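> here is a sequence with its predicted model. Questions after.
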Amino acid sequence: MERRRRTAAIVGMLTILATVQINQAANVAASGATHARPRPHYRQIGPPTHVDLHEFRAAKTVIHPRLTIPFLSAPTPSATRGHAAPHGKTGRRQVVVVIGPPPTNSAVRGPLIEQKLAGFPVMDLSRQVGLYGSDQVAEPPDTQLAAGPVNIAEADNSTLSIWSKTGSLVTTADLTAFFRVPAGYFFTDPRILYDGQSTRWFLTGLSFNASSNSNLYIAVSTTSDPSGSWLTYTLGSGTGVIPDQPKPGVSSDKVVVSWNDYSGSSPSTVVFSGQETWVLQKSDLVSGASVHIASFGPDSTRFGIVPSQSLTSTTTDWLTYNNADCPSTATCNRGSPTVGVVAIDGTPISNNVTWTETDPAIAGTTSPPAPRQPSGVPVLQAQSIDDRLLAAVWQNGTLWVAGNDGCIPAGDSLIRSCMRMISVSTSGTPSVTQDFDAASNGFDLYYPAVTLDGSGDLFIAYSESSPSLYPSAVGIDSLAASPMTFENSISIASGQTSYSGTRWGDYSGAAQDPLNPADVWLTAEYQASAINPGDWGTATARSAIQPAITTIIPNSGPENVQQPVIIFGAHFQPGATVMFGSKPATSVVVVSGTQITATTPIGSVEGPVNVTVNQPDGTSVTLVSGYTYTREASSQSQPRGVVGRDPANQSPPAPVGLRIVHL
């Protein structure tokens, strides 16, 4: 049940949490059962501890145990949680969108390096153990990667690694030492994100011991450089309670962390005891002050809440959860499953934090089957996959969330592990605009992570396997205008053999690049070694939607005249340059993602030339014979356009986006 890993798992519900009472003021639900609106409790913690990775030494002064806990699942079996059968017997009708097969079923190739800027393996089990010793023998990796202006940073198990965007390892840190985890405790469940609005990195995690005592942590970098200095906070400590999978989200003025509490005398006997959400004053974290906090919970009526990362400015942090995942049939939306959409407004420092929830209807979800692989033994041997939501991202009024689901792809006869994708418009009353499963005939897709590029195009990172495909890291994208239309998946890294470990997941990573918002980083787990079947690995690929040119107006002109033109298309980036044949255009201005103005160079000869748009991230597009140089104009001639067409009033054809992957 609660998913994850690790040879260990999850941290602690904070003693600070104590017992929190739930205000029974009703919260309006768009459909389904009505949930109580929780009341915040205010407090302050801190001050932080300073850690400088430039001077950091990870050598341990204490020995930390390798602790293992079982997969912590949802509080009740799916059969009692109001879930629909695979074809959606309740709620909306289940829609399944089929993704094309992976580009290769090769079982021997490593990460594919086919095209552009970056694509490389990052951390794996053997490397992690080689860096920091046997207490790093942990699974699954809980793959997490974020992108900053210069570097990318990955957090797996107890290891933080900083990389250049071309794949060079910059530095690493043992998170056990980084957070000063006490003797007898095991660190796990890291999550990391980069917040472009504050230019800071945020990292959460927890530690626990054999008695289910725990500590909950958050760290924030002091600059945009993750290899520099950090401030670390212990948010709280718990006795006999483990706060599983603390997930951070961020808005313009808040950092929100949510997790599930599991209580008991040992990690192997804990049971779900409530969900908690803490709202942290972002300005306190960034400045290194004592942190003002508004806490909600423990709340036994909600489960698996996921805060979103806001990619554009907003003072609302949006949270989501699968509203069919609840511990009591009295509060489940059995007749009409919903997605819980929570708006957190206000700030802890102002004592005015509010929780506003709506529950729009979705198709029912089911826990998917264990993914298949060529060995015939399921990828997940000591856990099941449940249908909680795993990742959420918000941008310009649109919230995308992803999780696992069971479905039957078109043309298939078996239930597969599929990826449930839900889009919610947050303009006005939140409403579901997309609700479908992404699936592949004959393949299992699991542990998706989502992000958006600057144009709102959807990108997903996930793991994939089948009876003929070793567990591999895969990515996919779709255009904002057609989110249910996917191209064939891209291979980030090909699995090398069937996986023999006991844990996989519990999530993947997807991050928009803040320096080039047209680019995203997709990171997922794959089986990394043909020699060691228990060696999980993680790999990342930088991907983008390739620009497209649809038309150039005017599309011809005298070879001896520098003529203004308008280039229509899609996914143009600021800073793009334009070539007419072998000569650069002048006065290039990227007016928008669909329009560039430029002045043609003097032509060398009469006739057609290719027109190429080159972008800062390395993507490019060429319109073959896109412009034609005509006979020289006389001194009395005026620059010619296209007869009967006014460039300023043209309606270009609908652009077609093409995906390009930097591997």
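It's in. Numbers count the residues shown, from 1 in each chain.

> immediately after the helix or strand hosting residue 204, which helix or strand?
With secondary structure defined by DSSP states H and E, residue 204 is part of strand 200-208. Scanning forward in sequence from strand 200-208 by DSSP H and E, the next helix or strand is strand 214-221.

> packing partners of that following strand?
In this structure, strand 214-221 packs against strand 200-208, strand 229-238, strand 241-250, strand 254-263, helix 282-287, with contacts taken as 3 or more Cβ pairs under 8 Å, 6 or more residues apart in numbering; DSSP states H and E. Any C-beta I mention is one placed from the backbone N, CA and C, and that applies to glycine too.

> now for these, which one comes closest to residue 346?
The closest of the helices and strands packed on strand 214-221 to residue 346 is strand 254-263. By Cβ to Cβ, the value is 8.5 Å.

> mind exporting the closest one as PDB, just the C-alpha atoms?
Once side chains and other backbone atoms are set aside, the C-alpha atoms of strand 254-263 remain, and they are given as PDB (Å, rounded to 0.1, in the frame of the first residue of the first chain):
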ATOM      1  CA  LYS A 254       4.000  29.600  -0.600                       C
ATOM      2  CA  VAL A 255       5.600  26.200  -0.500                       C
ATOM      3  CA  VAL A 256       3.100  23.400   0.200                       C
ATOM      4  CA  VAL A 257       4.100  19.900   1.400                       C
ATOM      5  CA  SER A 258       1.700  17.000   1.700                       C
ATOM      6  CA  TRP A 259       2.100  13.500   2.900                       C
ATOM      7  CA  ASN A 260       0.300  10.400   4.300                       C
ATOM      8  CA  ASP A 261       0.800   9.500   7.900                       C
ATOM      9  CA  TYR A 262       1.300   5.800   8.800                       C
ATOM     10  CA  SER A 263       1.300   4.900  12.500                       C
END
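
> any low-confidence regions in the stretch 201-350 of the chain?
The model of the stretch 201-350 of the chain has pLDDT under 70 over residues 324-336.

> just for the stretch 51-200 of the chain, where's the confidence low?
Looking at the stretch 51-200 of the chain by pLDDT under 70, you get 57-92, 101-118.

> now do residue 286 against residue 223, distance only.
Note on residue 286: its distance to residue 223, by Cβ to Cβ, to the nearest Å, is 10 Å.

> which residues are in contact with both of these two?
With contacts taken as Cβ atoms under 8 Å, 6 or more residues apart in numbering, the residues that reach both residue 286 and residue 223 are residue 200.

> can you pick out the residue with more neighbours from the two?
Under the neighbour definition other Cβ atoms under 10 Å, residue 286 and residue 223 were set side by side, and residue 286 has more, 18 against 13.

> report how many residues lie close to residue 303.
Residue 303, neighbours per other Cβ under 10 Å, totals 25.

> can you report how many residues neighbour residue 173?
For residue 173, the neighbour count with other Cβ under 10 Å is 24.

> correction: residue 44
By other Cβ under 10 Å, the residues close to residue 44 number 13.

> which element, helix or strand, includes it?
Per DSSP H and E: residue 44 is located in strand 41-45.

> next, the buried residues of that strand.
Along strand 41-45, these residues count as buried under the neighbour rule (16 or more other Cβ atoms under 10 Å): 41, 45.

> ditto for stretch 494-503
Within stretch 494-503, the residues that qualify as buried by neighbour count (16+ other Cβ under 10 Å) are 494-499, 501-503.

> how about stretch 219-237?
Buried residues in stretch 219-237 (16+ other Cβ under 10 Å): 219-222, 224-228, 230-237.

> same question, stretch 412-427
Buried positions in stretch 412-427, judged by neighbour count with 16+ other Cβ under 10 Å: 412, 415-424, 426.

> and that stretch, how far out from the chain's middle?
Taking Cα atoms, centre = their mean, to the nearest Å, one finds the center of stretch 412-427 at 15 Å from the center of the full chain.

> surely residue 474 and residue 488 touch.
No - taking contacts as Cβ atoms under 8 Å, residue 474 lies outside contact range of residue 488: 10.3 Å.

> for the two, indicate the residue with more neighbours.
Counted by other Cβ under 10 Å, residue 474 and residue 488 do not tie: residue 474 has more neighbours, with 30 against 13.

> looking at this, the more buried one is in a strand?
Yes - with the criterion set as DSSP: H, G, I helix; E, B strand; the rest coil, the secondary structure at residue 474 is a strand.

> which pLDDT value belongs to it?
Looking at residue 474, its pLDDT stands at 94.

> and residue 384, by the same measure?
In the prediction, the pLDDT value recorded for residue 384 is 71.

> just the element for it, please.
Assessed by DSSP H and E, residue 384 sits outside every helix and strand.

> from here on, count from 48
That works, and once the first residue is 48, the last one we named lands at residue 431.

> from residue 330, how far out is it?
In this structure, residue 431 lies at 41 Å from residue 330, with Cβ to Cβ as the measure.

> again with residue 368
Distance of residue 368 to residue 330, given as Cβ to Cβ: 27 Å.

> who has more neighbours, these two?
residue 368 (26 against 15).

> return the alpha-carbon coordinates of the biggest helix by length in the chain using PDB.
With residue count as the measure and DSSP state H as the assignment, the chain has helix 172-179 as its longest helix. Presented in PDB, the C-alpha positions along helix 172-179 are these (Å, rounded to 0.1, in the frame of the first residue of the first chain):
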ATOM      1  CA  LEU A 172      22.300   1.700  -7.800                       C
ATOM      2  CA  SER A 173      25.900   0.600  -8.300                       C
ATOM      3  CA  ARG A 174      27.100   4.200  -8.600                       C
ATOM      4  CA  GLN A 175      25.200   5.300  -5.500                       C
ATOM      5  CA  VAL A 176      26.700   2.500  -3.400                       C
ATOM      6  CA  GLY A 177      30.200   3.300  -4.800                       C
ATOM      7  CA  LEU A 178      29.900   6.900  -3.700                       C
ATOM      8  CA  TYR A 179      28.500   6.400  -0.200                       C
END
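
> and that helix, what does it pack against?
strand 206-211, strand 216-221.

> of those strands, flag the one that's most buried.
When the helices and strands packed on helix 172-179 are scored by mean count of other Cβ atoms under 10 Å, the highest mean neighbour count falls to strand 206-211 (a mean of 22).

> which residues sit against that strand?
Among residues not part of strand 206-211, those counted as contacts by Cβ under 8 Å, 6+ apart are 100, 169-170, 175, 178-179, 183, 197-202, 216-222, 225, 237, 239, 250, 273-274.

> circling back to that earlier point, now do the strand holding residue 91, average pLDDT.
Across strand 88-92, pLDDT averages out at 95.

> neighbours of residue 257, how many?
Residue crowding around residue 257 was assessed by other Cβ under 10 Å; the count is 15.

> what about it, distance to residue 233?
Residue 257 sits 9 Å away from residue 233, going by Cβ to Cβ.
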